[in-house]
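Asker: Next input, structure requested:
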Amino acid sequence: MSTFEKVLAKVGLMDTPQRSRERRIQEQQAAISYWNDRVQARRVQWDRVTRDAFDRNLKVIDESVAQYMQILKQDPEDELSVEMLDAVMSDKMSLLRDFADL
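Answerer: Down below sits the predicted model:
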C-alpha cells in the first residue's frame, strides 16, 4: 500500500486491507449461512453415509477456517493466511452448495 493509499484509508476514503478482508469475510459468511440453511432443510432426506461424508468434510473445513482466523488475529498482515482463508471459505460455500442439491 502506497503512502497516498494509507492516507486515504486513514481518512476513510479508501478501505484498508484489513477492512476489505473483514467485509469479504462477512459477505462469505452471509452466503455460507444461506447455503447452510438449505443444507439443513435437505439433510433429513440423506442416508447415513451421505450425512457422515458431509459432516467429515465440513469438520475439516471448519477447523481450517478457525486456524486461519486465529493466525490473522495474531498477524492481520499475513497475506498468505488471508488468501488461504479466502480459499477455505470458498471451499465451504462449494461444499454447502453441492450438498444443498442432494
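
Asker: Which secondary structure element is home to the residue nearest to residue 81 when sequence neighbours are not counted?
Answerer: Leaving aside its chain neighbours, residue 81 sits nearest to residue 71 (4.5 Å; criterion: C-beta to C-beta, 6 or more residues apart in numbering). Backbone N, C-alpha and C define where each C-beta goes, glycine included. Assigned by DSSP states H and E, residue 71 belongs to helix 48-74.

Asker: Output the contacting helices and strands for the helix or strand just after that helix.
Answerer: Note on helix 48-74: by DSSP H and E, the next helix or strand toward the C-terminus is helix 79-100. Judged by 3 or more C-beta pairs under 8 Å, 6 or more residues apart in numbering; DSSP states H and E, helix 79-100 is in contact with helix 17-43, helix 48-74.

Asker: Quick one: mean pLDDT over helix 79-100.
Answerer: Averaging pLDDT along helix 79-100 gives 95.

Asker: sorry, back to before: of the helices and strands packed on helix 79-100, which shows the lowest average pLDDT?
Answerer: helix 17-43 (a mean of 90).

Asker: tilt between it and helix 48-74?
Answerer: 170 degrees (axes from the mean of the first three to the mean of the last three C-alpha atoms, to 10 degrees).

Asker: buried stuff in helix 17-43?
Answerer: Residues of helix 17-43 classed as buried: 21, 25, 28, 31-32, 35-36, 39, 43 (neighbour count, 16 or more other C-beta atoms under 10 Å).

Asker: Export these as JSON lines, with columns for distance to residue 63.
Answerer: Below are the buried residues of helix 17-43 laid out as JSON lines (distance: C-beta to C-beta, whole Å):
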{"residue": "21", "distance to residue 63": "20"}
{"residue": "25", "distance to residue 63": "17"}
{"residue": "28", "distance to residue 63": "17"}
{"residue": "31", "distance to residue 63": "20"}
{"residue": "32", "distance to residue 63": "15"}
{"residue": "35", "distance to residue 63": "19"}
{"residue": "36", "distance to residue 63": "17"}
{"residue": "39", "distance to residue 63": "18"}
{"residue": "43", "distance to residue 63": "20"}
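
Asker: of all these, which comes closest to residue 94?
Answerer: residue 35 (9.2 Å; C-beta to C-beta).
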